[in-house]
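1. Quick one: sequence plus predicted model below, questions after.
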Amino acid sequence: MGRGAYALARVAVYTRTAGTALWWTGLAAAGVGLAVPGLTGRRVGILGGAALFAVAAAAAFLARRRRCTGLIKASTAAGKWVVLHDRAVTVRAWLRGRRWWLVAAFLAAVASSLAAPAAGGLLLAGAGAGLWAKAVWLGRWERRNEKLLWVRPEWADGRSPSRKDVRGWMTTGPLAGDAAPGGARRRTPVPGAARRTPVPGAARERRPRARVTAAAR
């Protein structure tokens with residue numbers, strides 16, 4: 001899709017990062033909210049929050065599910081040489097673009113505890129759990145098909161890899177990049193990768209934020 005060199009970022013990393021951020025933001029807001037008695041009381045707030053958690057988790061998991069399925073079916077193989085963003089680069093880009101949104105969501109969830117303690121925080125945590133489950137779903141597809149799903153960062157724009165402006169997803173072999181299927185960190189080194197041995201007195205090399213990797217490996 002397109003000629004020349006271009007950058008790619010993992011679809012599952014975007015989804016997993018959003019889910020993790022919302023999960024911890026929601027739990028933190030719920031913990032603070034429990035310190036506030038609220039109008040309904042803690043028991044009613046927690047029970048209502050549990051219901052909101054389930055609804056938000058299901059909604060986040062099913063949101064744009066048809067769009068994601070269509071992008072997967074229409075995905076094409078990436079070029080032979082592309083710039084694959086490291087997992088940390090994608091995580092930082094998403095957090096940098098959403099940090100104030102997360103702060104506002106945290107404050108709104110804490111403020112809602114004046115009415116129903118912890119309910120707003122559990123709502124955010126439920127949305128995070130649903131997005132994390134979607135990342136797991138994407139990871140299962142990647143393992144089953146032995147392919148990794150990628151999107152061009154300028155199309156995702158630091159937001160969602162399935163937003164309307166995304167023209168399509170691309171695939172690479174299962175060993176491309178430094179993130180495992182589903183967007184988690186790789187726990188085992190890539191087979192055949194060369195191991196670097198530090199040389200005494202040599203200057204320490206700085207690791208680049210993005211590297212050029214063969215996509216069709």
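-> Here it is on my side, so go on. Note that the coordinates shown come from a computational prediction; the quantities given were computed from them, not determined experimentally.

2. Show the average pLDDT along stretch 169-187.
-> In this model, stretch 169-187 has a mean pLDDT of 92.

3. which residues of the chain fall in helices?
-> With DSSP state H as the criterion, the chain has helices at 11-33, 42-62, 65-73, 87-112, 119-145, 153-156.

4. can you put these in CSV and add distance to Pro181?
-> C-beta here means a position set from N, CA and C on the backbone, and glycine is covered the same way. Shown next, in CSV, are the helices of the chain (distance: least, Cβ to Cβ, whole Å):
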stretch, distance to Pro181
helix 11-33, 7
helix 42-62, 18
helix 65-73, 13
helix 87-112, 12
helix 119-145, 4
helix 153-156, 19
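
5. Export those to TSV and append columns for mean pLDDT.
-> Below are the helices of the chain laid out as TSV (pLDDT from 0 to 100):
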stretch	mean pLDDT
helix 11-33	96
helix 42-62	95
helix 65-73	95
helix 87-112	94
helix 119-145	97
helix 153-156	92
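
6. and of these, who's closest to Pro174?
-> helix 119-145 (7.2 Å; Cβ to Cβ).

7. Just list what the closest one packs against, helices and strands only.
-> Where contact means 3 or more Cβ pairs under 8 Å, 6 or more residues apart in numbering; DSSP states H and E, helix 119-145 is packed against helix 11-33, helix 42-62, helix 65-73, helix 87-112, strand 148-151.

8. Could you give the separation of the fourth one from the chain centroid?
-> When you say that, I think you mean helix 87-112. Averaging C-alpha positions (Cα atoms, centre = their mean, to the nearest Å) puts helix 87-112 12 Å from its chain's average.

9. Go through that helix and flag the buried ones.
-> For helix 87-112, a neighbour-count test (16 or more other Cβ atoms under 10 Å) marks 87, 89-91, 93-94, 98, 102, 105-106, 109-110, 112 as buried.

10. again, but for stretch 71-79
-> Neighbour-count burial for stretch 71-79 flags Leu71, Ile72, Ser75, Ala78, Gly79 (criterion: 16+ other Cβ under 10 Å).

11. Pull up the gap between the second one and Leu114, please.
-> By that I understand Ile72. 43 Å (Cβ to Cβ, to the nearest Å).

12. ok, and what's touching stretch 117-127?
-> Outside stretch 117-127, the residues that touch it by Cβ atoms under 8 Å, 6 or more residues apart in numbering are 19, 22-23, 25-34, 36-38, 40-42, 45-46, 48-50, 52-57, 59-60, 105-106, 108-113.

13. Kindly apply the preceding question to stretch 52-66 instead.
-> If you take Cβ under 8 Å, 6+ apart as the criterion, stretch 52-66 is touched by 19, 119, 122-131, 133-134, 137, 160, 162.

14. Next, count neighbours for the nearest residue to Ala56 once chain neighbours are set aside.
-> Using Cβ to Cβ, 6 or more residues apart in numbering and skipping residues adjacent in sequence, the residue nearest Ala56 is Gly126, 3.3 Å away. If you count neighbours by other Cβ atoms under 10 Å, Gly126 ends up with 26.

15. mind checking how far Gly126 is from Asp165?
-> Distance, Gly126 to Asp165, using Cβ to Cβ: 27 Å.

16. got it, and Ala133?
-> Distance of Ala133 to Asp165, computed by Cβ to Cβ: 25 Å.

17. The two: who's more crowded?
-> Ala133 (16 against 10).

18. Let me know the distance separating the closest residue to the more buried one other than its chain neighbours from Gly41.
-> The shortest distance from Ala133 to any non-neighbouring residue, by Cβ to Cβ, 6+ apart, is to Phe61 (5.0 Å). For Phe61, the distance to Gly41 equals 30 Å [Cβ to Cβ].
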